[in-house]
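[1] based on what follows, work out the 3D shape:
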Amino acid sequence: MASSPPPTFLREAELRLLRCTLPTAASRPPVPSPPPLHPLGPVAASALAAVELGDYAAALASAVRHILRASASTEADHDSPAQFYAHLAAAVEVFLLGDVGGAVDEGFECRCALVLSAAVAALLAFTQHNVTGPSRKYSSFPCFSTSSLDERWYSDPGGKWEAWASHHLASFGSHVHGKFSLLQFIVFAELLLTSIKSLDSDFWSVSWWLCRLSMSQQNILDELSSSLFDKVQVHKNKMLTRFGELERVSSYWGSFLCDGEGASLVTTALLEAGLAEYKYGWVDASRLHLDSAQEACGIHLSLTGILGFRTVHQVDAKSQMVLIAKTTKPAADEGQSTELTGAPGDVLALRKTRSSVPGESDEFCDILRTPLLAQDVNDSNSGSTQILLTPVQQAAVLAQCLHVSRRSRSDEMSGWEMAPYIESIDSQDDSCYVVRSLCDVLRIRWESTRSRTKQRALLMMENLVEDISKEFPVASERARLVFAVHMPTLPALRKEYGELLISCGLLGEALNVFKDLELWDNLIYCYRLSGKVADAVSLINTRLSITPNDPKLWCSLGDATNNDDHYKKALEVSNNKSARALRSLARSAYNKNDFYTSKILWESALALNSLYPDGWFAYGTTAWKAKDLEKALDAFSRAVQIDPENGEAWNNIACLHMIRGKSKASVQSFREAIKFKRNSWEVWENYSTVALETGNIQLTLEATKMVLNLSFNKRFNVDLLDKAVEPIIRYDILKQIVETGSSIPEIWGLYARCHKRKGNLKKCSTALLNQVQYLQGSELCHDHKKFKKFAQASLQLCKFYMEISSTAGSKRELLLAEMHLKSSLKQAMDFEGTEEYKELDECLVQLKDLIGAAYTY
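    Next up is the predicted model:
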């Protein structure tokens, strides 16, 4: 049986929809093919054209009325969102399968194209309203154009349907973070895409859109979701299988592709895969995808130092870190441009205010936005500031910048390591809207950490928030590369604005921002700073009177009042799906020393969401306290899988291996721990102990020296020094300790042995005398343990005196020993019957005999 020809119209529709999120092609795309001769052909073509123009409402209106003709919804569904969407899924399935008696092939293409257009329109409408702007008036319900639903229902009185969508998206153990609009559009888009996928047809782009939708879902949640992570991985892997190589992309679309468009598709897919891994903290996997993306778009990035000026008043040129971007093809040959559409006046105005960053001559600081390189530098070495990069290449630069920030430690140097990437994008004449916006966001984050540029960062943030609401550029332009850059959502961006306001001391303005975003935790923090916690509690109670089934509000109320009952209520209203409530109850039980209950609660919380950053560490600590060492070790192992740079977790793993007698495994874990906790003397001290157990003397020495240096010579293990360290090396370490005055009697004893071994008898006797003096004190006469140590040190000192006397023939040492013993026995009258006292008395008798014999000669 001959195979059916490929669905030409549908494949072209897939490409046209993906083009909506790619840079504008430099060469004009081919004229769209005429729609199939089917009643739904013009409808599908109209929906596609509306999506391309950014008129997502028109695209939904065109598609939904046909999709829902087969809807089995009833009036009762109007009060049950879950039932309505269940019936909607059935209706979409019926629509896609179509009428067997009609033109099956052409009708199937049109129906799939229509459903796919509606799904993409819903996702892009949500993205426009919550990420890129500008916001426009949408019905909160994506099916607003259907005649089967009356007008009073579109308005969603009381926000019941939006609240249902919020709870539906939060069913992964997380909560929607902030105030978002059009949440039902996400639910609707997922339903349509899943329906197409269930047909098991050869539609490659569906997996890509599902990956984008899952990442959009993750970006609106307050924490990473393990359930979403699994979904993202499935869709991402399928997407890369199909779009990760240029040959496969070219074979799928063939002549539909413009010049260079295949490479742009491959690069975008790899960038999105890298950002997905970045989001979940998989740094190595992210780096591999980003390296492949740079190779696909023909760019090689490297850093170098070039003399230049960083401030306005700088006189001498200093070395500046600059990004060198080498491209295999000029930007004009890559098949991409950033040509803007709109009125000429709007375009001109936008070019003048492309960035939220003030000009070089701004009055707020004298720090230049980009370093001014010295004039004598050869133009060929001037870096990416002189190279025109394509929009996809610019997105690759920013993705690499994010990777640098994640792999670096959080210190003041991390911002300077990101700076060359930010400045290279600032130097570009033209950029896509989201590329320029993310570049501004990264600059704001960097400059807000520096006192000299914080005021400029605040102004930049204010301008950026205001620019998002402007009408130009239009929605279709803002969608370019929106999924290929890690642009924060509008609530997340405004939250950063509020936090920046707090750091600048503008607490009142920050309160208004957090209140508008319904970020109750941040609001409570602001009220606490101003000493008005009661106002926060009152506000949350007011909100609970409106939305009593919001688990996030109950958790915030529990945080403000430290009342476990509120967390239990949050569990109740969320049907035991609030991981945050479970974590709060687990912490409360831990603070009450109820470690078993805390362990059970942590297990339940992590079963809901296993990607919470500190969850596994806290679970491991609780299990350790509950004497469940096996689960503690498993928990800390999971913690380092999620965050390989968690030095505390590595240290705990090593300590658990020590307890279980697995010294070699412990050494391996300590090696990882000191990479991230190098300044912790506690880690080094444990490391020295386990190194001694494995017989690694050199490692023991290194760890012992680190303990001394980090503790300012106040921490040392006497037994370890006695057993492990070779005499010559031990002498150097002991000398370091005693010279700082941080020694203890045992150290002086070891120091004396070292001097004796070296033949320095005078220093040996001084060290022994210091040991005895350290042991003397007011408590000596009443503490038998201390007297025992003192007696042993005194005997050692006196015997050494006798040894010197017999060697040198001197009476002075014998007299000193006699005087010391008489004084010691007089102080220790309370211990007269003890063995130690008898030994001291016998030594005194022996000394008197020696002194008498010396005088006879």
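[2] tell me where the stretch 351-500 of the chain has strands.
    367-373 (DSSP state E, counting those that start in this stretch).
[3] quick one: low-confidence ranges for it?
    Within the stretch 351-500 of the chain, the stretches falling below the threshold (pLDDT under 70) are 351-364, 375-386, 407-412.
[4] what's the neighbour count on Asn651?
    23 (other Cβ atoms under 10 Å). C-beta here means a position set from N, CA and C on the backbone, and glycine is covered the same way.
[5] list the residues that contact it.
    With contact set as Cβ atoms under 8 Å, 6 or more residues apart in numbering, Asn651 has these partners: Ser669, Phe670, Ala673, Lys677, Ser680, Glu682, Val683, Asn686.
[6] ok, and the most crowded of the residues you listed?
    Among the contacts of Asn651, Phe670 has the most neighbours (other Cβ under 10 Å), with 28 neighbours.
[7] in the helix or strand encompassing that one, what's buried?
    Per DSSP states H and E, Phe670 falls inside helix 663-676. Residues of helix 663-676 classed as buried: Ser663, Ala665, Ser666, Val667, Ser669, Phe670, Glu672, Ala673, Ile674, Phe676 (neighbour count, 16 or more other Cβ atoms under 10 Å).
[8] so what does that helix touch, helix or strand wise?
    Applying 3 or more Cβ pairs under 8 Å, 6 or more residues apart in numbering; DSSP states H and E, one finds that helix 663-676 contacts helix 647-659, helix 681-693.
[9] pipe those into a markdown table and attach mean pLDDT and distance to Gly298 per row.
    As requested, the helices and strands packed on helix 663-676 are exported to a markdown table (pLDDT from 0 to 100; distance: least, Cβ to Cβ, whole Å):
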| stretch | mean pLDDT | distance to Gly298 |
| --- | --- | --- |
| helix 647-659 | 92 | 39 |
| helix 681-693 | 81 | 45 |
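[10] closest to Thr21 out of these?
    Closest to Thr21 of these is helix 647-659 (Cβ to Cβ; 38.6 Å).
[11] how near is Gly620 to Lys627?
    Noted for Gly620: a distance of 13 Å to Lys627, by Cβ to Cβ, to the nearest Å.
[12] what residues sit buried inside stretch 575-584?
    In stretch 575-584, counting by 16+ other Cβ under 10 Å, buried: Lys577, Ser578, Ala579, Arg580, Ala581, Leu582, Arg583, Ser584.
[13] farthest pair in those residues?
    Most distant of those, by Cβ to Cβ, are Lys577 and Ser584, 14.3 Å apart.
[14] that older thread, and the helix holding Phe670, average pLDDT?
    Averaging pLDDT along helix 663-676 yields 88.
[15] next: stretch 802-814.
    In this model, stretch 802-814 has a mean pLDDT of 77.
[16] picking up where we left off before, of Gly620 and Lys627, which one has the most company?
    Ranked by neighbour count (other Cβ under 10 Å), Gly620 and Lys627 place Gly620 first, with 28 against 9.
[17] so what's the more buried one closest to, chain neighbours aside?
    With Cβ to Cβ, 6 or more residues apart in numbering as the criterion, Gly620 has its nearest non-adjacent residue at 3.3 Å, and that residue is Ala635.
[18] helix or strand: which one has the nearest residue to Cys798 once chain neighbours are set aside?
    Setting aside the residues directly before and after it, Cys798 is nearest to Ala817 in space (Cβ to Cβ, 6+ apart), at 4.1 Å. Per DSSP H and E: Ala817 is located in helix 812-827.
[19] and for Ala119?
    helix 104-127.
[20] got the buried residues for that helix?
    Neighbour-count burial for helix 104-127 [16+ other Cβ under 10 Å]: 106-127.
[21] for stretch 192-200, same thing?
    Buried, per 16+ other Cβ under 10 Å, within stretch 192-200: Leu192, Leu193, Ser195, Ile196, Lys197.
[22] kindly report the same for stretch 176-194.
    Using 16+ other Cβ under 10 Å as the test for burial, stretch 176-194 gives 176-178, 180-193.
[23] chain center to that stretch, what's the gap?
    Computed by Cα atoms, centre = their mean, to the nearest Å, the chain-centroid distance of stretch 176-194 equals 24 Å.
[24] ok, the residue nearest to Cys798 to Ser810 distance?
    According to Cβ to Cβ, Ala817 and Ser810 sit 12 Å apart.
[25] circling back to that earlier point, can you put the helices and strands packed on helix 663-676 in TSV and add distance to Ala269?
    Listed next are the helices and strands packed on helix 663-676 as TSV, based on distance: least, Cβ to Cβ, whole Å:
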stretch	distance to Ala269
helix 647-659	34
helix 681-693	42
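[26] closest one to Tyr252 among those helices?
    Among the helices and strands packed on helix 663-676, helix 647-659 comes nearest to Tyr252, with 44.6 Å by Cβ to Cβ.
[27] buried residues, the closest one. List them.
    Neighbour-count burial for helix 647-659 flags Gly647, Glu648, Ala649, Trp650, Asn651, Asn652, Ile653, Ala654, Cys655, Leu656, His657, Met658 (criterion: 16+ other Cβ under 10 Å).
[28] mind telling me what element the residue most central in space within the chain is part of?
    The centre of the chain sits closest to Gly281, judged by Cα atoms, centre = their mean, with a distance of 5.9 Å. In the assignment (DSSP H and E), Gly281 maps to no helix and no strand.
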